[in-house]
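Engineer: I'd like to go over a predicted model; first the sequence, then the structure.
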Amino acid sequence: MKNFLPYWQEKYPEKFAAEAFIFSHIRRGDHIFVSSGCGEPQYLISVLMEFVESHPKAFFDTEIIHVYSLGLSPYAQEKFKSNFRCNAFFIGNSIRESVNRGAADYTPISLSQVPHLMNTGMVRIDVALVQTSVPDEHGFLSLGVGVDIVKAATEVASVVIAQVNPRMPRIHGDGFINLQEVDFVIPYEEPILELNDNAPSREVENIGKYVAQLIQDGNTIQVGYGAVPNAVMANLYHKNHLGVHTELLGNGLIKLIQAGIIDNTRKSINRGKTIASFSMGTTETYAFLNDNPSIIFRSIDYTNNPLIIAQHDNMVAINSALEIDLTGQATSESLGGRFFSGVGGQQDFMRGALLAKNGKTILAMKSTALSDAVSRIVPSLKENSGVTINRADIRYVVTEYGIAYLHGKNVRERAMDLISIAHPKFRPHLIEEARKRGLIYSDQAYLPAQDEEYPEQMDVYRTTTSGLPVFIRPVKINDEPLLKDFFYSLSDHTLHSRFLSSRLDMPHEKLQNYVVIDHNTSLALVVMNADKKDLILAYGQYEINKPTHTAEVALVVRDDHQNLGIGTELLSYLTYLARREGLFGFTATVLTENRAMLHLFYSHEFETVKKSEGGVYELQISFKQ
């Protein structure tokens, strides 16, 4: 591509003035906007610092405004405190300590609202320091990888200073400004800041696999950056026709575009286009973005507008958090009174996805922090923590231990669901705290072994003889509400046949015995419709008799799903698992009138001996070798 920079230098020589002259236009008390993220104009910042050091009385009490600094933020250093004070809309590593000791400021706000603050003058911008591509033949410069709030800043600033960098990609969309709108230009070539992906841990890989289960073909997705989003994207290569409407476009999404997984063909709006507001990635990612007509960067008040997000059918917003409490409120910006990051676009996308037709919100997070020293799932958020996402806006929460669906659940159900996906070593404490706070039953039973030994590898899909696809898995401690509905769906006859009793109630005290299972001595399975996993179709269990090395087995199927082969599949799987444990056989107690259950046992080619006593058969079932 032809370099038009010399032409424009000749046409507008006044814009290409000496650096000292350019920075002399900054006045005392000015508000200086600096492009953030990977679009940060590193050279302009270094020149600004040199100018201040060589002209220590040139200006005082200026305010540096940015979203997120990926660089060193030298203006936040103590020696420049009389010259600069930083105000961040999102806290990065370089200014976190300054903010928390009161030497810098943090403005909590959803990023979609920042351009409005600038346009109305509530946030004043006197000088804008930006980084752009080289000008084209028409004099247009591209803001490249950082459009977000930068475009709004250039539109309201009294003085715009642009670092023109040949390495900045030219990206289609809102990020173009004309040289006529720029007051000064400083050409300087340097590498664009990069963000590389680290290899995910085993725990993070598990999170990615769970989240991928919630994403369907044709969904439009939004993801942030970090190890968890990268792991999610690494597990999407078996999906089809995904779309993207996001604020951040990173390496993982670009790889999915290149692989054809993301084609945007099913999007409700901007069909065929990947919509984002900024990029943080590698040189290879930036090369892909350059002059690519399928990639559109819009200003943050468009990408993050919940009403725009809501126009995408099947929108999936995937975000993370620092902590979530047992009622479902989460913080991603602070830990107690210590500020950590910011609201960012999380509220925007979570709320927009909720408003979308068939939308989903997913909070994906590792269950622990500080090398497993602390739990991210807590009884209550730390005092003074900011509630970034309220209880009503969270649907799915995912950790390396599974998926919790909170929507429509009461506090007790939410607490049990979240405890079930917490790190096992913190679950006893969470149970105890939840009991004390009245969040769960005061007599809620708990066996640590159930969680520590939870046999997730036993999850299986089967198809019954009638063609019904089912999902069989071990029971979990938070299954009590589902199991309650299951038991109360059973007819009096089925209840009597299963429990050999005329008792028709199933109170919590009795019900929890069916979900609090010691996997060292017992096994309990539930069968669900493969497409509707919130409805239990059958329950089966066995308890090991160690002296005889056999197990007592029992199972029951919903009345409206009997004679569909569910019992056959359940007993077959229980038998397989028992034999794998080296058990010799089963024992069972069956009413003499329960011909269906007797037929089930005899149809499995067991060596069965039955004894009749008091209207029941005592079955001795030996596994054939």
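Structural biologist: Thanks, I have the structure now.

Engineer: surely Leu129 forms part of a strand?
Structural biologist: Yes. Secondary structure assignment places Leu129 in a strand (DSSP: H, G, I helix; E, B strand; the rest coil).

Engineer: what pLDDT does it get?
Structural biologist: Predicted confidence (pLDDT) for Leu129: 98.

Engineer: correct me, but it touches Met49?
Structural biologist: No. With contact defined as C-beta atoms under 8 Å, Leu129 does not reach Met49; the gap is 11.8 Å. Using the backbone N, CA and C atoms, a C-beta is placed for each residue, glycine as well.

Engineer: of these two, who's got more company?
Structural biologist: Per other C-beta atoms under 10 Å, whichever of Leu129 and Met49 has more neighbours is Leu129, with 28 against 17.

Engineer: ok, that one - contacts?
Structural biologist: By C-beta atoms under 8 Å, 6 or more residues apart in numbering, the contact set of Leu129 is 32-35, 41, 44-45, 48, 161, 163.

Engineer: partner residues bridging it?
Structural biologist: When bridges are called by DSSP bridges, Leu129 pairs up with Val34, Ile161.

Engineer: packing partners for the helix or strand containing Val553?
Structural biologist: Using DSSP states H and E, Val553 falls within strand 550-557. Secondary-structure packing of strand 550-557 (3 or more C-beta pairs under 8 Å, 6 or more residues apart in numbering; DSSP states H and E): helix 492-499, strand 532-545, helix 566-580, strand 585-591.

Engineer: quick one, which of those gets closest to Leu468.
Structural biologist: Ranking the helices and strands packed on strand 550-557 by proximity to Leu468 (C-beta to C-beta) places helix 566-580 first, at 7.1 Å.

Engineer: for the protein, give me the ranges with low pLDDT.
Structural biologist: 1, 449-454, 625 (pLDDT under 70).

Engineer: quick one: residues contacting Tyr310.
Structural biologist: Heads up, residue 310 is Ala, not Tyr. Shown in contact with Ala310 (C-beta under 8 Å, 6+ apart): 352-353, 355-356, 359.

Engineer: if we go to 10 Å?
Structural biologist: Taking C-beta atoms under 10 Å, 6 or more residues apart in numbering as the contact definition, Ala310 lies against 268, 351-357, 359.

Engineer: for the stretch 251-400 of the chain, what spans make up the helices?
Structural biologist: For the stretch 251-400 of the chain, applying DSSP state H, counting those that start in this stretch gives helices covering 251-258, 283-289, 300-303, 306-309, 346-355.

Engineer: can you pull the buried residues of stretch 226-237?
Structural biologist: Across stretch 226-237, burial judged by 16 or more other C-beta atoms under 10 Å covers 226-236.

Engineer: what about those, which are in helices?
Structural biologist: 227-234 (DSSP state H).

Engineer: which of the residues you listed lies closest to Val182?
Structural biologist: For those, the nearest to Val182 is Pro229 (34.4 Å; C-beta to C-beta).

Engineer: and the residue lying closest to that closest one once chain neighbours are set aside, how many neighbours?
Structural biologist: In space, and not counting its chain neighbours, Pro229 is closest to Val223: 4.2 Å by C-beta to C-beta, 6 or more residues apart in numbering. Counted with other C-beta under 10 Å, the neighbours of Val223 add up to 28.

Engineer: tell me if I'm right that Val223 and Ala234 touch.
Structural biologist: No. Taking C-beta atoms under 10 Å as the definition, Val223 is not a contact partner of Ala234, at 11.5 Å.

Engineer: quick check: neighbours shared by those two?
Structural biologist: Gly252.

Engineer: quick one: the strands in the stretch 101-250 of the chain?
Structural biologist: Secondary structure of the stretch 101-250 of the chain (DSSP state E, counting those that start in this stretch): strands at 105-106, 127-132, 140-142, 159-164, 176-178, 184-187, 220-223, 243-244, 248-249.

Engineer: tell me which of the ones you listed sits nearest to Asn529.
Structural biologist: strand 220-223 (26.5 Å).

Engineer: tell me which other helices or strands the closest one touches.
Structural biologist: Applying 3 or more C-beta pairs under 10 Å, 6 or more residues apart in numbering; DSSP states H and E, we find strand 220-223 packed against helix 227-234, strand 243-244, strand 248-249, helix 251-258, strand 274-276, strand 315-319, helix 346-355, strand 360-364.

Engineer: reformat these as TSV; add distance to Asn390.
Structural biologist: Below are those laid out as TSV (distance: least, C-beta to C-beta, whole Å):
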stretch	distance to Asn390
helix 227-234	21
strand 243-244	26
strand 248-249	23
helix 251-258	28
strand 274-276	26
strand 315-319	14
helix 346-355	9
strand 360-364	12
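
Engineer: His260 contacts His241, doesn't it?
Structural biologist: Heads up, residue 260 is Gly, not His. Yes. In terms of C-beta under 10 Å, Gly260 counts as a neighbour of His241; the distance is 9.4 Å.

Engineer: okay, these two: which has more neighbours?
Structural biologist: A side-by-side neighbour count of Gly260 and His241, using other C-beta under 10 Å, places His241 first with 16 against 11.

Engineer: hang on, the earlier thing: list only buried entries from the contacts of Ala310.
Structural biologist: Buried residues within those, counting neighbours by 16+ other C-beta under 10 Å: 268, 351-354, 356, 359.

Engineer: list the contacts of Tyr617.
Structural biologist: Each residue near Tyr617 by C-beta under 10 Å, 6+ apart is listed here: 588-592, 594, 597-598, 601, 608-611.

Engineer: that one belongs to a strand, doesn't it?
Structural biologist: Yes. Assessed with three-state DSSP, Tyr617 lies in a strand.

Engineer: from Arg595, how far off is the residue nearest to it when sequence neighbours are not counted?
Structural biologist: Spatial nearest neighbour of Tyr617, chain neighbours left out: Lys610 (4.5 Å); criterion: C-beta to C-beta, 6+ apart. Applying C-beta to C-beta, to the nearest Å, the value for Lys610 to Arg595 is 13 Å.

Engineer: more crowded one of the two?
Structural biologist: The neighbour count for Lys610 versus Arg595, taken as other C-beta under 10 Å, is higher for Lys610 (16 against 10).

Engineer: for the more buried one, give the beta-bridge partners.
Structural biologist: Beta-bridge partners for Lys610, by DSSP bridges, are Leu619.

Engineer: could you list the domains of this structure?
Structural biologist: Residue ranges for the domains of the chain, per automatic domain parsing: 5-187, 202-444, 452-622.
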